[in-house]
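A.B. asks: Dropping a prediction and its sequence here:
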Amino acid sequence: VNVGVCLNIVIAFILAALLNRDLVSRTCRLLENFNRLAAGQTLLPVRPSEDEIGKLDRRFHEMAGVLQSTIKREQAILQNSTDIIISLDSLLDIQFINAACLKSLGYEPDELVGKEIDLILDQEDRQNVRKNLLQSQENDQSARLEIDLKHKDGSIKAHILNSSFSQEEGLMFCILHDVT
């Protein structure tokens with residue numbers, strides 16, 4: 001009787017250890033996929049399983065697919081827009097500008113990111129535009145302005161600026177439509 005009980009206890013511990021190892025391994029795989037998604041890397045493939053961890057893994061892959069296709073669509077909109085789309089920080093430094101700035105103003109986006117918006121503002125409009133943008137940011141309101149932007153070659157182009165400040169992001173988002 002003692003040998004049988006001891007054998008049952010040993011088998012129970014072995015089975016518990018194997019089950020624990022499987023659970024830890026699959027949970028670590030989920031965590032690895034979470035990290036991969038956050039880093040923009042390819043996810044590890046779904047492992048076929050009908051238990052809760054398997055269902056969670058499948059749902060996570062579905063969610064990641066939807067997220068990635070949404071990001072691709074957003075990027076396509078930003079990069080293919082004929083209007084300049086720009087985000088400015090609280091000091092009116094350019095944090096993002098889409099590729100439309102090349103056609104409209106002659107600048108590559110990386111020539112403008114990190115620079116003050118003053119670089120593309122016509123000298124005569126600069127003070128008024130800054131005042132209006134900072135005021136709309138302070139009052140958490142949108143702004144619509146007719147402004148002149150300076151092309152890289154020095155020529156001036158008329159634009160309509162529509163802006164909105166996001167408290168959550170701490171950024172001013174602007175769309176500049178060429179009306180020249």
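C.D. replies: Here it is on my side, so go on. Numbering: from 1, shown residues only.

A.B. asks: Could you use CA atoms for every contact and neighbour count after this?
C.D. replies: Fine.

A.B. asks: Point me to the helix or strand that includes V66.
C.D. replies: Using DSSP states H and E, V66 maps to helix 52-80.

A.B. asks: Could you list the buried residues of that helix?
C.D. replies: The neighbour-count check on helix 52-80 (16 or more other Cα atoms under 10 Å) flags G54, D57, R58, F60, H61, A64, L78, Q79 as buried.

A.B. asks: Using CSV, lay out those residues together with pLDDT and distance to I14.
C.D. replies: Below are the buried residues of helix 52-80 laid out as CSV (pLDDT from 0 to 100; distance: Cα to Cα, whole Å):
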residue, pLDDT, distance to I14
G54, 91, 23
D57, 93, 26
R58, 93, 29
F60, 95, 31
H61, 96, 32
A64, 95, 36
L78, 88, 56
Q79, 87, 57
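
A.B. asks: I'd like the next helix or strand past the longest strand along the chain.
C.D. replies: In the chain, taking DSSP state E as the definition, the longest strand is strand 156-166. Note on strand 156-166: by DSSP H and E, the next helix or strand toward the C-terminus is strand 171-178.

A.B. asks: Go through the buried residues of helix 52-80 and say which is closest to E169.
C.D. replies: E169 lies nearest to L78 out of those, by Cα to Cα, at 17.6 Å.

A.B. asks: Name the nearest residue to that closest one, ignoring sequence neighbours.
C.D. replies: N98 (6.0 Å; Cα to Cα, 6 or more residues apart in numbering).
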